[in-house]
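*Asks:* Using only what follows, build the 3D model:
(one chain, ligands or ions: 1)
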Amino acid sequence: MKLVIVESPFAGDIQGNIYYARMAMRDSLLRGEAPIASHLLYTQDGVLNDSIPEERQQGIDAGLAWGKVADQTAVYIDKGISRGMEYGIQRAISEGRNIEFRSLPEFESDLTIEQCNKKYLERCWIKSKFHFGAKWYKTNREGVKAIESKYIKSPLNYVGGKFKVLQQIIPLFSNDINTFIDLFGGGFNVGINVNANKIIYNDMILQVVELFKNLQTHDAEEVHKIILDNVTKYGLSRSDINSYEFYNCNSNDGLGSYNKDKYFKLRDDYNLNPTWDKFYTIVAFSFSNQIRFNSKGGFNMPVGKRDYNSSLQEKLKVFVDEIHNKDINFHCGDFRDLKVGKLSDNDLVYCDPPYLNSTATYNENGGWAIEQENILRDLLIRIHNNHGRFALSNNLTTNTTLQKWAEDNNFVIHDLTNTYSNCNYQKKDKESKDVEVLITNY
Ligand SMILES: C[S@@+](CC[C@H](N)C(=O)[O-])C[C@H]1O[C@@H](n2cnc3c(N)ncnc32)[C@H](O)[C@@H]1O
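*Replies:* You can find the predicted model right below:
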């Protein structure tokens, strides 16, 4: 679900502006987003007083602090662009956050979306940075260059996916990687965001590997068209072009009641005759976009609340484009088959295995137990003794012997839980429920 900062006016016609802000929130929720409008939240009685400049600024800054995690800023323009909104737009620009100007049909506006795009986004161009589609570009005297201002998120909602900690993990990888091996690739949130001459993705789930291989041989437009053809063929919902009401549904309960039978038909067809495109179509409509197979290999996730909506379409497009930009080899296999002897000094093996004592939907069958954990630890020691580099994601709370193992071998434990900055792990924080770490041998 896209995390969205809502910008709309507050000062002046406060009652009218509160009404408008609520409509803007509703509009965002109906798009399947998770909006935050700090000017509605913090200005309530007993919270902050908007007429005191310091408190007003504090409210604006606290709201914008959510920008660290937000995917987008949505600016609702029908009542004009206030100074507070202007400030929010500037923050979004400087933090590289996508901006979308929106208008509500119930209001008559003096401004148009085109005018706002022109005014603000073309101004960014002059200021050397602007966005077009999902990408940001930088311009200087030499010309225009695409820049990575944000990490790319996998279009699979992978349990245990590392998207949320990429800001902490990626800087801990070196800049001189020749081959990056994402040994437990999963949703590929990590490998897709790494700069390396070559990337090897490995996972034991054949269906996911086959999907990624096909995303490599089809361009984003083709993929999109194939998925939409499936959606149409099975009569599934299209919230990208129709409202929830069109399907007799609402945003709270979602589209499951409309899609259920059609989804089961698609799922049955997929289980009889599995193809990559049916697989992705089911995932787009499955519960929380998650993946789960029964012991016979049949996909068995129930129907979800959402569909192949605009946000998922955008995520898929950006992901497919990046697969085409990089030199990636998708491989299906067990981590035990890694040939340690073939690694060179400037390769990096990244391991994000299932966590001990936790079950994810994709490893319910067989799971991950102490035997696999010990084999992995032996493999990491062999990489180390072979002068290779590794980085291991894990959790010290669920994996109780890992800290001792890392310390005995003089590996570095980077604590990702208790600080946003990167620091070495010193002492297990007894207060903290989860101690998420990256262990490296460099
Ligand atoms: C935590 S997930 C990886 C998530 C990934 N880093 C991301 O951010 O999207 C762990 C993955 O390990 C895979 N896996 C489990 N056992 C494996 C094995 N023996 N060999 C290779 N992959 C395995 C699972 O299929 C799962 O996709």
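*Asks:* Please count neighbours and contacts with C-alpha atoms only from this point.
*Replies:* OK.
*Asks:* any idea which element residue 291 lies in?
*Replies:* Assessed by DSSP states H and E, residue 291 sits outside every helix and strand.
*Asks:* Distance check, it against the ligand.
*Replies:* From residue 291 across to the ligand, the span is 10 Å (CA to the nearest ligand atom, to the nearest Å).
*Asks:* and that residue, how many neighbours?
*Replies:* Counted with other CA atoms under 10 Å, residues neighbouring residue 291 total 25.
*Asks:* my guess is it meets residue 283, correct?
*Replies:* Yes - at 6.7 Å, residue 291 and residue 283 qualify as touching, with contact defined as CA atoms under 8 Å.
*Asks:* Residue 5 - nearest residue in space that isn't next to it in sequence?
*Replies:* In space, and not counting its chain neighbours, residue 5 is closest to residue 73: 4.7 Å by CA to CA, 6 or more residues apart in numbering.
*Asks:* same for the helix or strand where that neighbour lies, what does it pack against?
*Replies:* Per DSSP H and E, residue 73 falls inside strand 72-76. If you count contacts as 3 or more CA pairs under 8 Å, 6 or more residues apart in numbering; DSSP states H and E, strand 72-76 packs onto strand 3-7, helix 83-94, strand 98-102.
*Asks:* how does it look with 6 Å?
*Replies:* For strand 72-76, the elements it packs on are strand 3-7, strand 98-102, judged by 3 or more CA pairs under 6 Å, 6 or more residues apart in numbering; DSSP states H and E.
*Asks:* Make CSV from those strands and add mean pLDDT to it.
*Replies:* Output for the helices and strands packed on strand 72-76, formatted as CSV (pLDDT from 0 to 100):
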stretch, mean pLDDT
strand 3-7, 95
strand 98-102, 89
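*Asks:* which of these sits most buried?
*Replies:* Most buried of those, by mean neighbour count (mean count of other CA atoms under 10 Å): strand 3-7, with a mean of 25.
*Asks:* angle of it against strand 72-76?
*Replies:* Counting by axes from the mean of the first three to the mean of the last three CA atoms, to 10 degrees, strand 3-7 lies at 30 degrees to strand 72-76.
*Asks:* Walk me through which strands strand 3-7 pairs with, and which way each runs.
*Replies:* strand 34-36 (parallel), strand 72-76 (parallel) (DSSP bridges).
*Asks:* what's the following helix or strand after that strand?
*Replies:* helix 14-30.
*Asks:* quick check: angle from that following helix to strand 72-76?
*Replies:* 130 degrees.
*Asks:* and helix 14-30, average pLDDT?
*Replies:* Averaging pLDDT along helix 14-30 yields 95.
*Asks:* Alpha carbons of that helix, as CSV, please.
*Replies:* Coordinates of each C-alpha in helix 14-30 appear next as CSV, following Å, rounded to 0.1, in the frame of the first residue of the first chain:
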residue,chain,number,x,y,z
ILE,A,14,-10.4,26.6,8.7
GLN,A,15,-13.8,24.8,8.7
GLY,A,16,-13.9,24.7,4.9
ASN,A,17,-10.3,23.6,4.8
ILE,A,18,-10.9,20.8,7.3
TYR,A,19,-13.9,19.6,5.2
TYR,A,20,-11.7,19.7,2.1
ALA,A,21,-8.8,17.9,3.8
ARG,A,22,-11.2,15.1,4.9
MET,A,23,-12.4,14.7,1.3
ALA,A,24,-8.8,14.6,0.2
MET,A,25,-8.1,11.8,2.7
ARG,A,26,-11.1,9.9,1.5
ASP,A,27,-10.0,10.3,-2.1
SER,A,28,-6.5,8.9,-1.2
LEU,A,29,-8.0,6.0,0.7
LEU,A,30,-10.3,5.1,-2.2
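*Asks:* which outside residues touch that helix?
*Replies:* Identification of contacts with helix 14-30 by CA atoms under 6 Å, 6 or more residues apart in numbering yields 9, 10, 251.
*Asks:* which of those has the most neighbours?
*Replies:* In these, the most neighbours by other CA under 10 Å go to residue 9, 25 neighbours.
*Asks:* which element is residue 313 on?
*Replies:* Taking DSSP H and E as the definition, residue 313 sits inside helix 310-325.
*Asks:* er, residue 439 actually
*Replies:* Assigned by DSSP H and E, residue 439 belongs to strand 436-440.
*Asks:* What segments of the protein are helices?
*Replies:* 14-30, 38-41, 53-65, 83-94, 113-116, 122-126, 166-169, 206-217, 220-233, 256-272, 276-285, 310-325, 370-385, 402-408 (DSSP state H).
*Asks:* Contact partners for residue 276?
*Replies:* Neighbour list for residue 276: residue 211 [criterion: CA under 6 Å, 6+ apart].
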